[in-house]
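> just the structure for this:
(one chain, ligands or ions: 1)
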Amino acid sequence: MCGIVGYTGPRQAAPLLLEGLKRLEYRGYDSAGVALVDDRRIEVHKAPGKISVLEKQLGASLPRGQTGIAHTRWATHGAPNTVNAHPHTDCGGTLALAHNGIIENAGVLRTALAQRGHVFRSETDTEVLVHLIEELLAKGGTLVEAVAGALNQVEGTYGIAVISTREADTIVAARNGSPLLVAIGAGENFVASDASAVLAHTRSVVYLDDGEIAVVRPTEYRILDLRTVEKEKAVTRVDWDLATIERGGHAHFMLKEIMEQPESLRNTLRGHLLEEEGTARLGGLNLTDEQLLQVNRIVFTACGTSWHSALIGEYMMEELARIPSEVEYASEFRYRNPIVDERTLVVGISQSGETADTLAALREAKRRGARTLGLVNVVGSTIAREVDGGIYLHAGPEIGVASTKAFTSQIAALAVLTLKMGRLRSLSILQGREVVRALAKLPELVERVLAKASEVERIAERMMRAANVLYLGRGYNFPVALEGALKLKEISYIHAEGYPAAEMKHGPIALIDDLMPVVFIAPKDAVYQKVVSNIEEVKARGGRVMAVVTEGDTGVARLADHKVEVPETLDLLTPVLTVLPLQLLAYYIAVRRGCNVDQPRNLAKSVTVE
Ligand code: AGP
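Numbers count the residues shown, from 1 in each chain. Prediction:
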């Protein structure tokens with residue numbers, strides 16, 4: 001997710017662009033840039049890091065110009081540095097473009113453009129767009145015709161803003177999958193990723209829909225389709241306050257990020273699934289198939305929620321790829337004398353890519369000769385830069401301290417990695433196709449579960465006063481029990497523990513009474529009947545049970561005091577669905593208890609110290 005803002009009108013653009021960028025910084029903050037245009041030239045200023053770094057670099061003498069665009073970046077392709085920062089310019093320096101999204105066929109386009117003499121400066125997918133527009137402009141026609149022609153050649157998602165010396169008072173904007181709007185001022189107009197960037201100047205906006213282009217000048221704007229046919233669009237008045245806009249209309253970033261999971265999963269999976277071959281395309285592993293085949297053992301290492309997804313990865317890898325796998329707390333791995341060699345693959349899982357223990361564990365693994373991979377969300381983070389290869393989650397910034405969308409994206413990325421490793425070994429093409437199809441279907445199944453949020457909210461009302469909660473699950477859902485317990489304790493401060501359901505008889509069953517709710521994760525999977533027996537043991541002792549079950553379940557439903565249904569999927573993917581009610585349960589309980597949901601006491605989003 002990146003932030004884009006543009007201005008054209010009678011005022012100097014630079015101060016307005018920088019102010020707008022600051023409002024969009026929650027969308028991404030690893031580099032920033034501004035571009036101003038007049039009828040002679042484009043002036044571009046870019047800097048790595050937060051917008052304050054760019055402001056410091058610009059100093060008091062801001063670039064002059066009444067039309068300009070600006071961008072704050074959440075890197076997807078290319079490290080977060082000045083060269084890769086947006087806006088990007090064409091060979092002739094007469095065009096500048098800012099982009100939010102992923103151009104999936106950027107590689108093919110880049111090769112063709114380079115063969116036609118275009119000189120690329122960055123590693124980004126975005127830069128192909130500005131050279132395509134340059135090429136079409138050179139053939140004649142207007143800026144909007146050139147932009148439309150370029151967009152008809154790309155696959156993927158975009159929200160873009162383009163300026164040109166050819167039409168120095170004009171911004172051409174376009175949307176496909178990434179939000180963009182036109183904001184209408186008095187004798188001036190803006191474009192922006194969301195209204196927070198322009199709220200100080202106007203509340204009248206036109207939201208672009210996918211496949212639409214806007215031509216924006218100081219006193220007029222037009223909305224067109226990709227065939228440049230004009231269309232009417234309603235003007236909306238924005239009533240939200242700034243904080244609410246940043247949270248997408250939700251009360252907290254955590255709820256926004258829970259609700260974003262259909263989209264974040266689509267972004268994690270985008271470009272990886274090969275249904276025909278029943279396998280996965282993973283370009284970033286930097287390991288050949290021969291090297292992957294030499295791997296005879298996998299060690300997953302992580303902390304917290306990421307350690308929970310690592311447990312799921314262990315189960316996946318042993319079931320489908322038949323590779324001996326284990327999971328290590330990073331803080332433990334780094335200090336014991338682990339057995340690691342050149343045939344060990346050590347996989348570090350980290351949303352932030354900056355967790356000190358995980359980073360140290362990976363460094364120790366490398367020192368001992370292991371190959372290392374990172375499953376990371378933040379592009380260009382320390383872990384991402386130090387491992388041999390990896391998979392980026394592309395889940396977008398996760399602001400809430402309690403990790404939610406990163407967890408489900410980690411599971412999806414682990415499934416993709418398992419698919420790749422399994423199909424190099426004994427996993428059949430039919431089994432592979434089944435996994436690919438189930439992964440592709442996940443985002444819509446997630447939407448169905450999230451639509452039941454109000455059911456979970458009612459259960460939260462009943463559980464919010466508990467002093468202790470027990471979470472139980474088996475197989476792939478044992479780690480979900482751990483994750484549900486962690487979510488609850490870290491944001492509501494209620495003591496909670498997760499256990500394998502069968503372990504209950506080895507101690508925790510002594511805790512069962514009508515004051516301690518027991519949450520069972522009991523989807524219709526290979527161990528379902530075993531979990532039903534455990535639920536009966538709890539009910540026999542007067543325990544109160546909330547159960548997450550598969551749609552249409554009757555076995556558990558007659559036993560549980562509360563239940564939430566999730567759709568059926570492959571066993572290895574059930575955690576992506578069963579964790580959702582537990583994320584919501586923790587959220588609603590914490591809200592009712594008046595806790596600081598996004599920034600719980602004593603916690604930090606990234607633990608960069610030991
Ligand atoms: C999870 O909700 C917590 N915020 C915490 O356990 C987190 O998962 C852990 O600190 C690891 O962070 P990482 O994924 O960024 O490495």
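> contacts, neighbours, all on C-alpha from now
Fine.
> name the helix or strand of this structure that has the lowest mean pLDDT.
Ranked by mean pLDDT, DSSP states H and E, the helix or strand of the chain with the weakest confidence is helix 242-246, at a mean of 77.
> how distant is that helix from the center of its chain?
Relative to its chain's centre, helix 242-246 lies at 19 Å (C-alpha atoms, centre = their mean, to the nearest Å).
> buried ones in it?
L242, I245, E246 (16 or more other C-alpha atoms under 10 Å).
> kindly report the same for stretch 306-325.
Residues of stretch 306-325 classed as buried by neighbour count (16+ other C-alpha under 10 Å): 306-318, 320-325.
> of the residues you listed, which belong to strands?
Taking DSSP state E, the ones among the buried residues of stretch 306-325 that sit in strands are S325.
> now, which of the buried residues of stretch 306-325 lie close to the ligand?
Residues of the buried residues of stretch 306-325 in contact with the ligand (C-alpha under 6 Å from any ligand atom): S306.
> out of the buried residues of stretch 306-325, which sit inside helices?
S306, W307, H308, S309, A310, L311, I312, G313, E314, Y315, M316 (DSSP state H).
> return the closest of those residues with respect to the ligand.
In terms of C-alpha to the nearest ligand atom, no member of these lies closer to the ligand than S306, at 4.9 Å.
> near the ligand, which residues of this structure show up?
303-306, 350-353, 355, 401-403, 605-607.
> helix, strand or coil for the residue nearest the centre of the chain?
Centroid-nearest residue in the chain: A395, 0.8 Å away (criterion: C-alpha atoms, centre = their mean). Here A395 is coil, with the state taken from DSSP: H, G, I helix; E, B strand; the rest coil.
> how many neighbours does A234 have?
Neighbour count of A234, defined by other C-alpha atoms under 10 Å: 8.
> helix, strand or coil for it?
Of the three states, A234 takes coil according to three-state DSSP.
> which helix or which strand is home to the residue nearest to it when sequence neighbours are not counted?
Closest residue in space to A234, ignoring its immediate chain neighbours: V206 at 6.4 Å, by C-alpha to C-alpha, 6 or more residues apart in numbering. Here V206 sits within strand 204-207, counting by DSSP states H and E.
> reformat the ones in helices among the buried residues of stretch 306-325 as TSV; add pLDDT.
As requested, those are exported to TSV (pLDDT from 0 to 100):
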residue	pLDDT
S306	98
W307	98
H308	98
S309	98
A310	98
L311	98
I312	98
G313	98
E314	98
Y315	98
M316	98
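> CSV please, covering those and showing distance to V198.
Listed next are those as CSV, based on distance: C-alpha to C-alpha, whole Å:
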residue, distance to V198
S306, 37
W307, 40
H308, 40
S309, 39
A310, 42
L311, 44
I312, 43
G313, 43
E314, 47
Y315, 48
M316, 46
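> burial measure for the nearest residue in space to A586 that is not next to it in sequence, as a count.
Counting by C-alpha to C-alpha, 6+ apart, A586 lies nearest to L488, which is 4.5 Å off, once chain neighbours are set aside. By other C-alpha under 10 Å, the residues close to L488 number 25.
> give the contact list for L488.
With contact taken as C-alpha atoms under 8 Å, 6 or more residues apart in numbering, L488 is in contact with I494, H495, A496, Q583, L585, A586, Y587, I589, A590.
> related to what we said a few turns ago, and the pLDDT at the residue nearest to A234?
pLDDT for V206: 95.
> same question, E610
pLDDT at E610 comes out at 71.
> any idea how far it is from A360?
9 Å (C-alpha to C-alpha, to the nearest Å).
> and the two? Which one has more around it.
A side-by-side neighbour count of E610 and A360, using other C-alpha under 10 Å, places A360 first with 18 against 9.
> hmm, the more buried one is touching R334, no?
Yes: counting by C-alpha atoms under 8 Å, R334 is a contact partner of A360 at 6.5 Å.
> which non-adjacent residue is nearest the closest residue to the ligand within the stretch 51-200 of the chain?
Proximity of the stretch 51-200 of the chain to the ligand (C-alpha to the nearest ligand atom) peaks at W74, 15.9 Å away. Spatial nearest neighbour of W74, chain neighbours left out: G28 (4.3 Å); criterion: C-alpha to C-alpha, 6+ apart.
> sorry, back to before: quick one, what contacts the nearest residue to the residue nearest to the centre of the chain once chain neighbours are set aside?
Spatial nearest neighbour of A395, chain neighbours left out: S264 (4.5 Å); criterion: C-alpha to C-alpha, 6+ apart. S264 makes contact with H394, A395, G396, K405, S409 under the criterion C-alpha under 8 Å, 6+ apart.
> list the contacts for the fourth one?
Under the criterion of C-alpha under 8 Å, 6+ apart, the contact partners of K405 comprise E257, I258, E260, Q261, S264, L265, A395, E398.
> mind giving me a markdown table with those and columns for distance to V144, secondary structure and pLDDT?
Listed next are those as a markdown table, based on distance: C-alpha to C-alpha, whole Å; DSSP: H, G, I helix; E, B strand; the rest coil; pLDDT from 0 to 100:
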| residue | distance to V144 | secondary structure | pLDDT |
| --- | --- | --- | --- |
| E257 | 35 | helix | 97 |
| I258 | 37 | helix | 98 |
| E260 | 32 | coil | 96 |
| Q261 | 34 | helix | 98 |
| S264 | 31 | helix | 95 |
| L265 | 33 | helix | 98 |
| A395 | 31 | coil | 92 |
| E398 | 35 | coil | 89 |
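> can you redo the residues you listed as TSV with distance to Q153?
TSV is the format used below for the contacts of K405 (distance: C-alpha to C-alpha, whole Å):
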residue	distance to Q153
E257	32
I258	33
E260	28
Q261	29
S264	25
L265	25
A395	25
E398	32
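> closest one to the ligand out of those residues, please.
Using C-alpha to the nearest ligand atom, E398 is the member of the contacts of K405 that lies nearest the ligand, at 9.6 Å.
> residues in contact with the closest one?
Contacts were defined as C-alpha under 8 Å, 6+ apart; by that measure E398 touches E257, K405, A406.
> same deal with I4?
Contact partners of I4, counting by C-alpha under 8 Å, 6+ apart, are 21, 24, 69-72, 98-100, 160-161, 191-193.
> so which of those residues belong to helices?
Using DSSP H, L21 are the members of the contacts of I4 that sit in helices.
> just to revisit the earlier point, farthest-separated two in the residues of the chain next to the ligand?
The span of the residues of the chain next to the ligand, defined through C-alpha to C-alpha, is set by G353 and A402 at 15.6 Å.
> okay, now the unreliable bits of the stretch 151-300 of the chain?
Nowhere does the stretch 151-300 of the chain drop to pLDDT under 70.
> one more: the chain?
The chain contains no residues with pLDDT under 70.
> so which elements touch the helix ranked longest in it?
In the chain, with assignment by DSSP H, the single longest helix is helix 429-450. In this structure, helix 429-450 makes packing contacts with helix 261-269, strand 273-274, strand 279-280, helix 405-423, strand 562-566, helix 574-592, judged by 3 or more C-alpha pairs under 8 Å, 6 or more residues apart in numbering; DSSP states H and E.
> ok, now how distant is the residue of the stretch 151-300 of the chain at minimum distance from the ligand from Y587?
Going by C-alpha to the nearest ligand atom, the ligand is nearest to M254 of the stretch 151-300 of the chain, at 10.2 Å. M254 sits at a distance of 8 Å from Y587 (criterion: C-alpha to C-alpha).
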